[in-house]
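Provide a 3D model corresponding to the input given below.
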Amino acid sequence: MPWIAGADGCKGGWVAAFLQSDSGEIRVEVVPSFAEVISSIHRPSVIAVDMPIGLPSTSAPRRACDAEARKRLGPRRSSVFSPPVREVVGVAAYGEANGMSKRLTGKGLSKQAFYIMPKISEVHEALVAEPTCNIRECHPEVSFMAMNGEVPLEAYKRTPEGQRLRGVLLAREFGTGFAKLNVVHPGVALDDVYDAFACLWTARRILQGVARSLPATPPRDALGLPMQIVY
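Numbering: from 1, shown residues only. As a prediction, the model looks like this:
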């Protein structure tokens, strides 16, 4: 059985949680680029990543998957922010990108969305360069909600209680392999590591053929990529 991975962006690049789907072996790595998640020695066949893949356009500047995720997440709805339209990705300066977004869509660009644009580009380049790797967009808070019996977690992920709750869920899902793992990595926040594991949980569901999608029948963007959040 193959290796699979969950990946989340972090200050140092990307934190990736890998699972050998047969033995249950778990590893965590921090790499500078998303391409290195794919080209790691594990060569994951499925990667679930916390990064927008299918992007909105000027004609439809909002995604249904984001709206559905906010509706389901309740107290954690603010963790879902709108990605930039495809036409803005690649603009280097925030002021220029924000102004361009306003001109094209009538709405400005959040700084959160602006700061992840280079990582959005990394994932897109990987999709083009590695078409045989199954790379899917997910959202950690949606995955944690599903782990928690479809109940959103009340505590914010960076609080001690939020980290405790997420750690309990992950230990339950990944067993002793996770419980014994040293998840503390220099320069990487604990919540980033936990988010990568939430993505890994989704990757395992994709491999097993039981993953679900928001929306159930996702539309596709101008490049033919699905605008969906998988969990």
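
hang on, residue 30 packs against residue 184?
No. Counting by CB atoms under 8 Å, residue 30 stays clear of residue 184, with 11.3 Å between them. C-beta: built from backbone N, CA, C; applies to glycine.

can you pick out the residue with more neighbours from these two?
Counted by other CB atoms under 10 Å, residue 30 and residue 184 do not tie: residue 30 has more neighbours, with 19 against 10.

name the SS class of the more buried one, please.
Put simply, residue 30 is strand when judged by DSSP: H, G, I helix; E, B strand; the rest coil.

beta partners of it?
residue 15 (DSSP bridges).

give the buried residues for whichever strand or helix holds residue 206.
Assigned by DSSP states H and E, residue 206 belongs to helix 190-208. For helix 190-208, the neighbour count (16 or more other CB atoms under 10 Å) marks 191-207 as buried.

counting by contacts, list what it packs against.
strand 3-10, strand 13-20, strand 46-49, strand 134-137, helix 140-147, helix 160-179, strand 229-230 (3 or more CB pairs under 8 Å, 6 or more residues apart in numbering; DSSP states H and E).

where among the ones you listed is average confidence lowest?
Lowest mean pLDDT within the helices and strands packed on helix 190-208: helix 160-179, at a mean of 92.

outside of that one, which residues touch it?
19, 24-26, 144, 147-148, 153, 155-157, 190-191, 194, 197-198, 200-201 (CB atoms under 8 Å, 6 or more residues apart in numbering).

check stretch 65-80 too.
By CB under 8 Å, 6+ apart, stretch 65-80 touches 81-83, 139, 141-142, 145, 150, 152-154, 156-157, 213-215, 218, 227-229.

residue 57: neighbour count?
Neighbours of residue 57 using other CB under 10 Å come to 14.

what's the answer for the one 4 residues further on, then?
Counted with other CB under 10 Å, the neighbours of residue 61 add up to 18.

center of this protein - which residue?
residue 50 (0.9 Å; CA atoms, centre = their mean).

let me see the backbone angles for that one.
Residue 50 adopts backbone torsions of phi -80, psi 80, taken as degrees, to the nearest 10.

report the separation between the nearest residue to it once chain neighbours are set aside and residue 87.
Distances taken as CB to CB, 6 or more residues apart in numbering place residue 8 nearest to residue 50, at 4.6 Å, with adjacent residues excluded. Separation of residue 8 from residue 87 (CB to CB, to the nearest Å): 26 Å.

okay, these two: which has more neighbours?
Remark: of residue 8 and residue 87, residue 8 carries more neighbours, 27 against 18, as counted by other CB under 10 Å.

in the sheet, who's paired with that one?
Applying DSSP bridges, one finds that residue 8 bridges with residue 15.

contact partners for it?
14-16, 49-50, 140, 192-193, 195-196, 199.

so which strand or helix has residue 210?
Per DSSP H and E, there is no helix or strand for residue 210.
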